[in-house]
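Undergrad: sequence and predicted model, in that order:
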Amino acid sequence: MNSKEGLSAIVPALIALGRTNNLDAMESHEISASIHEAVEINRLHWPWWDAVTRSLSYDDLVSLFKAVVTVERVLNWSGGSVAAAIWIFREMQQRNEVPTDELADWALAHTENHYVPFGTTNLGAKSFNDLRQQREVWQARKSATSVLEKRRADEGARKHAASQQAHVVRMAAQCVATELRRTLLARLDELPAVERLCYIAADEAHAVSYYQPVYADVSAEVLLALEPTTRTKLIERTAESGLSGWKRLHRRLADCTGAI
């Protein structure tokens with residue numbers, strides 16, 4: 001049965017079925033063939049059901065609701081979050097005279113669809129009170145998870161901010177160090193080679209690689225003009241240098257010291 005007109009003709013049969021007293025124990029063979037063939041009715045969306053249910057009486061709504069809940073379970077109809085019972089229940093909720101809490105309690109005890117009757121997950125609850133309790137537990141877990149996620153997000157933001165701040169500080173320190181080095185090298189450029197090497201020999205705060213390798217390219221006369229203690233200090237400070245200019249100066253200083 002595919003036409004919506006044909007499905008509309010099934011509604012009275014469902015209402016009649018919902019008025020029977022054996023819904024709890026109803027079996028497949030007790031449901032008429034016409035209802036068996038009307039499986040599409042359980043997948044029709046709210047506009048169709050709104051048009052159908054709007055004119056029904058209170059008693060007919062209750063009977064129709066109980067019928068579709070029962071038939072969906074007994075015939076294993078697929079409805080999920082768009083099952084007929086959801087749209088019928090919504091119509092009942094909009095009518096203040098209908099005790100929907102009691103009907104929800106009945107539906108939860110008789111359905112296997114985890115979206116009946118509200119259209120949202122019923123968490124597998126089998127009574128309205130059970131559903132309330134499970135929702136409270138779920139909400140508490142959700143709140144706890146939200147708090148934990150917020151803490152993690154805040155901690156992540158804090159660490160990111162700290163990292164950014166540290167980066168800014170490092171960059172500022174690097175700029176200062178670069179400017180200090182530039183200023184120092186400019187001053188050393190103006191000094192005679194002997195005074196320059198004396199300064200480098202005495203500077204224990206920086207490795208010789210801090211200075212320009214060109215400073216190591218001096219004449220033999222400059223090396224001989226250095227005080228013995230200065231030559232010894234330069235030999236020590238250039239011993240571990242990996243830069244060719246300072247390594248070459250190290251060998252020359254050693255040869256010079258040995259020849260004196």
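TA: Looks like it arrived, so ask away.
Undergrad: give me the mean pLDDT for the strand or helix carrying D59.
TA: Counting by DSSP states H and E, the element that carries D59 is helix 58-74. Averaged over helix 58-74, pLDDT sits at 95.
Undergrad: kindly report the same for stretch 110-125.
TA: In the prediction, stretch 110-125 has an average pLDDT of 93.
Undergrad: please identify the buried residues of it?
TA: Counting neighbours by 16 or more other CB atoms under 10 Å, one finds that the buried residues in stretch 110-125 are H110, T111, N113, Y115, V116, P117, F118, G119, N122, A125. The C-beta positions use only the backbone N, C-alpha and C, and glycine is treated the same way.
Undergrad: if you count neighbours, what's buried in the helix or strand harbouring E195?
TA: According to DSSP H and E, E195 maps onto helix 193-202. Buried residues in helix 193-202, counted by 16+ other CB under 10 Å: A193, V194, R196, L197, C198, Y199, I200, A201.
Undergrad: helices of the stretch 151-260 of the chain, start to end?
TA: Counting by DSSP state H, counting those that start in this stretch, the stretch 151-260 of the chain has helices at residues 193-202, 220-225, 228-238, 244-259.
Undergrad: show me what the second one is packed up against.
TA: Contact analysis of helix 220-225 by 3 or more CB pairs under 8 Å, 6 or more residues apart in numbering; DSSP states H and E lists helix 193-202, helix 244-259 as its packing neighbours.
Undergrad: hmm, 6 Å instead?
TA: helix 193-202 (3 or more CB pairs under 6 Å, 6 or more residues apart in numbering; DSSP states H and E).
Undergrad: before we move on, what about the last one?
TA: If you count contacts as 3+ CB pairs under 6 Å, 6+ apart, helix 244-259 packs onto helix 228-238.
Undergrad: now do the buried residues in the helix it packs on.
TA: T230, R231, K233, L234, I235, R237, T238.
Undergrad: and the furthest pair within the buried residues of stretch 110-125?
TA: By the measure CB to CB, H110 and G119 form the most distant pair in these, at 16.9 Å.
Undergrad: and the nearest residue to W106 once chain neighbours are set aside, how far from A84?
TA: In this structure, W106 finds its nearest non-sequential neighbour in K66, 7.1 Å apart by CB to CB, 6 or more residues apart in numbering. As judged by CB to CB, to the nearest Å, K66 and A84 stand 12 Å apart.
Undergrad: can you check K126 too?
TA: 21 Å.
Undergrad: then H45?
TA: Look at H45 and A84: by CB to CB, they are 10 Å apart.
Undergrad: so between these two, which is more surrounded?
TA: It is A84, of H45 and A84, that has more neighbours when counted by other CB atoms under 10 Å, with 28 against 10.
Undergrad: which residue, other than its chain neighbours, is closest to the more buried one?
TA: According to CB to CB, 6+ apart, the nearest residue to A84 is V68 (4.3 Å).
Undergrad: low pLDDT regions in the stretch 151-260 of the chain?
TA: In the predicted model, the stretch 151-260 of the chain carries pLDDT under 70 at residues 258-260.
Undergrad: doesn't A84 make contact with N113?
TA: No: the criterion here is CB atoms under 6 Å, and N113 misses it with A84 at 10.2 Å.
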